[in-house]
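1. Need coordinates for the below:
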Amino acid sequence: MTKLSVNINKIATLRNARGGNMPNLVKTAADIESFGANGITIHPRPDERHIRYQDARDLKRMVTTEFNIEGNPVPKFIKLVLEVKPTQVTLVPDTVDAITSNAGWDTVKHIDFLKDVITTFKQAGIRTSIFVDAEAKMVEGAAKTGADRIELYTESYAKTYGKGNDSESIKRFTEAAKVAQKNGLGINAGHDLSLDNIKYFKENVPYLLEVSIGHALICESLYLGLDNVINMYLNKLK
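-> Residues are numbered from 1 along each chain as shown. So this is what the prediction gives:
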């Protein structure tokens, strides 16, 4: 079964909108685990507009499943990850003002930088993943950095699938997964995956180990309930 890691950035956004601690991020993460999710994902940004760096420290003390921290490996982020030591770190090439992740790494252009960062994290015993577009060249480049996994950037899949072009939407991802497997990389995926499109993605992308889902899952939970939605995802990922 493919693991479901729930990104709780939107819970932090809601909390921060009014100040205080409602909803309680740590309690929500614990509830998400109790509902059956296989992991918790956070993506702190330098301005801490949703997840705060202290949240990472607080969550480390209570997460009992897998803990995944995503972000651009600027010095402040690297320091946090080495302090917290999550199960996995996912490197994402965010610009400072990005609303959300909007591109994968150019693993050819940035190979030396990525090698250095990944070596640092692996020496600390942290599993490493690189956020990449579904392109063979970028996947092969990721393998050369020494990373353990890739996370396929799935926005283009979600957009094309939403237009009814099922076979067209999935082809690049199926091939990228095969290239990753051939090069010894584990395969994660994330961005704009939802209850509508996750089952087809899972059925057609081989070797899929983990998906990270936040925005859609939280939106769906407003109507259907968090416990119910998590289990709906788990059923589709079987």
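2. wait, residue 106 sits on residue 142?
-> No. Here residue 106 does not reach residue 142: they are 10.5 Å apart, not a contact under C-beta atoms under 8 Å. In this view, the C-beta of every residue, glycine as well, is placed from N, C-alpha and C.
3. neighbour count winner among the two?
-> residue 142 (31 against 16; other C-beta atoms under 10 Å).
4. that's a helix at that one, yeah?
-> Yes. The assignment for residue 142, made by DSSP: H, G, I helix; E, B strand; the rest coil, places it in a helix.
5. What are the buried residues along the longest helix along the chain?
-> Secondary structure assigned by DSSP state H gives helix 166-182 as the longest helix of the chain. The neighbour-count check on helix 166-182 (16 or more other C-beta atoms under 10 Å) flags 169-170, 172-173, 176-180 as buried.
6. And for stretch 83-90?
-> Those would be 84, 86-90, for stretch 83-90 by 16+ other C-beta under 10 Å.
7. what's the nearest residue to the most centrally placed residue in the chain if we skip its chain neighbours?
-> For the chain, residue 212 is the residue whose C-alpha lies nearest the centre (C-alpha atoms, centre = their mean; 4.1 Å). Sequence neighbours aside, residue 190 is the residue nearest to residue 212 in space, at 3.8 Å (criterion: C-beta to C-beta, 6 or more residues apart in numbering).
8. Who are the contact partners of the one you found?
-> Counting by C-beta atoms under 8 Å, 6 or more residues apart in numbering, residue 190 touches 7, 41, 151-154, 211-213.
9. And the strands in this structure?
-> Secondary structure of the chain by DSSP state E: the strands cover 3-7, 39-42, 66-71, 88-91, 127-132, 149-153, 186-190, 208-213.
10. Let's see the pLDDT reported for residue 95.
-> Per-residue pLDDT puts residue 95 at 62.
11. and which of the buried residues of helix 166-182 is nearest to residue 63?
-> Of all the buried residues of helix 166-182, residue 180 has the smallest distance to residue 63: 26.3 Å, by C-beta to C-beta.
12. how close does the closest one sit to residue 205?
-> 10 Å (C-beta to C-beta, to the nearest Å).
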